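Visitor: heads up, no residue letters with this:
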C-alpha cells in the first residue's frame, strides 16, 4: 500500500486600491511545492514592510492529494494574510459530517459589511453565519461544506431587491474599512433588514 502524496499550490490574490464594489481582482498562480513549509517560506519572502497600500492581498496554500477519485479528498486550504498571519483553515473534505460552529467564535456578525474576492472584489452584508453546534445536531446532515457565511449582495443597479448572494468561508472575508457611498451602505442595510424579517 502506498502512502498519500500531496502537493501545495500557492496563489496570490490581490485587489488594488481604491477598493470599490466590482474592482478587478488579480489571481496569480505562484508555484507548486512538495511541502507546506516551502510554500510558506516563499510567502514570507514576498512580504514587504510597506503593506498598507489600501488594497487587499492574501495567499492561498491549497493542499492537493494526488491520485484521488473523490473531490472531497483534495486536502486542506490555508489562507494567509498579506502579513503572513493565518486568516483561516478550510477543510477539503466537504462531505465530512461537521459539528457546527459556535457563533461567538465567528469573526463577523449578521448585519456587518464585508468585502471578499471572487473574479472581482464584492461588498456585501452578512446575512447568516455557519450552523451552530445545536443546529448541526438538530439537522444531522451538516458537513464541512456548510462552514460558510451567507453574504447578501446588491444587484448591478444597486438595488437591495435581489436574491444575489454568496457563501464564502470567513477566511476570505474582510471588514469594509474603505470609503463606501452612503447610498450603497443604506441599500445594504435594507438588504439585511429584508432578509432578517
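Guide: Nice, I can see it. Here the structure is a predicted model, which means the values were calculated and not measured.
Visitor: hey, which helix or strand in the protein has the poorest pLDDT?
Guide: The weakest-scoring helix or strand in the chain, judged by mean pLDDT, DSSP states H and E, is helix 133-139 (a mean of 89).
Visitor: and the next element down the chain from that one?
Guide: strand 150-152 (DSSP states H and E).
Visitor: what's the first helix or strand after that following strand?
Guide: Trace forward from strand 150-152 with DSSP H and E and the next one is strand 165-166.
Visitor: parallel or antiparallel, which strands does that following strand pair with?
Guide: strand 150-152 (antiparallel) (DSSP bridges).
Visitor: how far off centre is the partner strand?
Guide: Chain-centre distance of strand 150-152: 12 Å, with C-alpha atoms, centre = their mean, to the nearest Å.
Visitor: can you check stretch 136-147 too?
Guide: When C-alpha coordinates are averaged (C-alpha atoms, centre = their mean), stretch 136-147 and its chain have centres 19 Å apart.
Visitor: buried stuff in it?
Guide: By 16 or more other C-beta atoms under 10 Å, the buried positions in stretch 136-147 come out as 136, 142, 144, 145, 146, 147. All C-beta atoms are positioned from the backbone trio N, CA, C, and that covers glycine.
Visitor: do the same with stretch 91-98
Guide: 91, 92, 93, 94, 98.
Visitor: after the helix or strand where residue 9 lies, which helix or strand is next?
Guide: Per DSSP H and E, residue 9 falls inside strand 6-15. Moving toward the C-terminus from strand 6-15, the next helix or strand (DSSP H and E) is strand 26-33.
Visitor: pairing partners for that following strand, with directions?
Guide: Applying DSSP bridges to the sheet, strand 26-33 is found paired with strand 6-15 (antiparallel).
Visitor: got the buried residues for the partner strand?
Guide: Those would be 6, 7, 8, 9, 10, 12, 13, 14, 15, for strand 6-15 by 16+ other C-beta under 10 Å.
Visitor: repeat for stretch 122-132
Guide: Neighbour counts over stretch 122-132 (16+ other C-beta under 10 Å) mark 122, 123, 124, 125, 126, 127, 129, 130, 131, 132 as buried.
Visitor: quick one: the residue most central in space within the chain from residue 183, how far?
Guide: Of all residues in the chain, the one closest to the mean position by C-alpha atoms, centre = their mean is residue 172, 2.1 Å from it. Computed as C-beta to C-beta, to the nearest Å, the residue 172 to residue 183 distance reads 26 Å.
Visitor: what number of residues lie near residue 107?
Guide: Counted by other C-beta atoms under 10 Å, the residues lying close to residue 107 total 16.
Visitor: show me which pair in the buried residues of stretch 136-147 is furthest apart.
Guide: 136 and 145 (12.4 Å; C-beta to C-beta).
Visitor: what residues go with each domain of the protein?
Guide: 6-90, 103-196 (automatic domain parsing).
Visitor: quickly, which of those bottoms out on average pLDDT?
Guide: Mean pLDDT values for the domains of the chain show the minimum at domain 6-90, a mean of 88.
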